[in-house]
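Chemist: Fold the following, please.
(one chain, ligands or ions: 2)
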Amino acid sequence: MTLLKIENLHTYYGHIQALKGIHLEVEEGEIVTLIGANGAGKTTTLRTISGLIRPRDGQILLDGQQIHTLPAHRIVEAGIAHAPEGRQIFSTLTVTENLNMGAYTLAADKAAIEENRQRVFDLFPRLEERKNQLGGTLSGGEQQMLTIGRALMARPKLVLLDEPSLGLAPMLVKAIFDTIQEINARGVTVLLVEQNARAALKVAHRGYVLETGRVVLSGAANELLRDERVRKAYLGEQ
Ligand SMILES: Nc1ncnc2c1ncn2[C@@H]1O[C@H](COP(=O)(O)OP(=O)(O)OP(=O)(O)O)[C@@H](O)[C@H]1O
Ligand SMILES: [Mg+2]
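Modeler: Ligands and ions are numbered 1, 2, ... in the order given. From the prediction side, this is the model:
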């Protein structure tokens, strides 16, 4: 079943057109990756889906319902959570407080919040060990875990991950990709934006290649891994 359907999406920053008619679909249960060079429009696509920027044209459907007209908090309630680029955590709040911020749609349901927090701690034991530590004192990798964990606190159907492996040491990169597969195995559909195209295509079912605001290529992840153009432009091969 199609969970997310994006049709002819056009998004601008003032006069600058960042998205020039994006078409994209995510089936329930999939990991789909968006790859592309710096400035291709990957982050803008995620920000448009989560309602942080309004598209000027086109539509976004979740379970067949239009969401591109909804305010961002309603989009979270509808089942989409966004782990943004660049570890945007609250540095003066503890790990637990940061996680709770991701569960604001559950409002006063303390039991549900606690249950979700325990799920996140099961996924990231490192966060549980540091639950009373201030966000700003976590290492880069731990902050990245917190960003993802906070998104999962809303129990989303679909999680949008923007460059989760950015700036991490190779061992942590592997751990993050393993965790993304684990999150998916637990029933969350994933839309993953990555510079690390090879690792992303290895965990994803399907992928889309973005160039200057347009999808130029899409298909099964294992086919994209073998594609000549992808290998040259995104996998660093000659
Ligand atoms: N706030 C903004 N104001 C003006 N232009 C912007 C803004 N944010 C992004 N852009 C422009 O929109 C285009 C797409 O940017 P976007 O951040 O979506 O790229 P990206 O694919 O995520 O790149 P990266 O891999 O570097 O994160 C770029 O040309 C960028 O300069
Ligand atoms: Mg980006």
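Chemist: Close to ligand 1: what parts of this structure are there?
Modeler: 13, 16, 18, 36, 38-44, 195 (CB under 6 Å from any ligand atom). The C-beta positions use only the backbone N, C-alpha and C, and glycine is treated the same way.
Chemist: Mind doing that once more with 8 Å?
Modeler: 13-14, 16, 18-19, 36-45, 47, 85, 162-163, 193, 195, 210, 212-213 (CB under 8 Å from any ligand atom).
Chemist: Can you name the residue of this protein nearest to ligand 2?
Modeler: In the chain, the residue that lies nearest ligand 2 is residue 43 (3.1 Å; CB to the ion).
Chemist: Which among the residues of the chain next to ligand 1 count as buried?
Modeler: With neighbours counted by 16 or more other CB atoms under 10 Å, those contain buried members at 18-19, 36, 40-45, 47, 85, 162-163, 193, 210, 213.
Chemist: ok, residue 67 - contacts?
Modeler: Contacts here follow CB atoms under 8 Å, 6 or more residues apart in numbering; on that basis residue 67 touches 49, 51, 60-61, 74-75, 78, 80.
Chemist: change it to 6 Å
Modeler: Applying CB atoms under 6 Å, 6 or more residues apart in numbering to residue 67 gives the contacts 60, 75, 78.
Chemist: top of the residues you listed by neighbour count?
Modeler: Within the contacts of residue 67, most neighbours by other CB atoms under 10 Å means residue 60, with 25 neighbours.
Chemist: What are the boundaries of the strands in this protein?
Modeler: For the chain, the strands defined by DSSP state E cover 2-13, 16-27, 31-36, 57-62, 65-66, 80-83, 158-162, 189-193, 206-211, 214-220.
Chemist: Close to ligand 2: what parts of the chain are there?
Modeler: Within the chain, the positions adjacent to ligand 2 are 42-43 by CB under 5 Å from the ion.
Chemist: hang on, isn't residue 105 packed against residue 155?
Modeler: No: counting by CB atoms under 6 Å, residue 105 does not reach residue 155; the two are 8.8 Å apart.
Chemist: re the thing from before, which of the buried ones among the residues of the chain next to ligand 1 lies closest to residue 8?
Modeler: Here the nearest of those to residue 8, counting by CB to CB, is residue 19; it sits at 9.6 Å.
Chemist: In this structure the closest one contacts residue 8, no?
Modeler: No: counting by CB under 6 Å, residue 19 does not reach residue 8; the two are 9.6 Å apart.
Chemist: how many neighbours does residue 96 have?
Modeler: If we define neighbours as other CB under 10 Å, then residue 96 has 15 of them.
Chemist: neighbouring contacts of stretch 22-29?
Modeler: Contacts of stretch 22-29 (CB under 6 Å, 6+ apart): 1-6, 9, 32, 189, 191, 208, 215.
Chemist: do that again at 8 Å, thanks
Modeler: 1-9, 32, 34, 41, 45, 58, 157-158, 184, 187, 189, 191, 208, 210, 213-215, 218.
Chemist: Mind listing the residues bridging to residue 24?
Modeler: Assessed by DSSP bridges, residue 24 has beta-bridge partners residue 6.
Chemist: follow-up on the earlier one: out of the strands of the chain, flag the one nearest residue 124.
Modeler: Using CB to CB, those put strand 80-83 closest to residue 124, at 12.4 Å.
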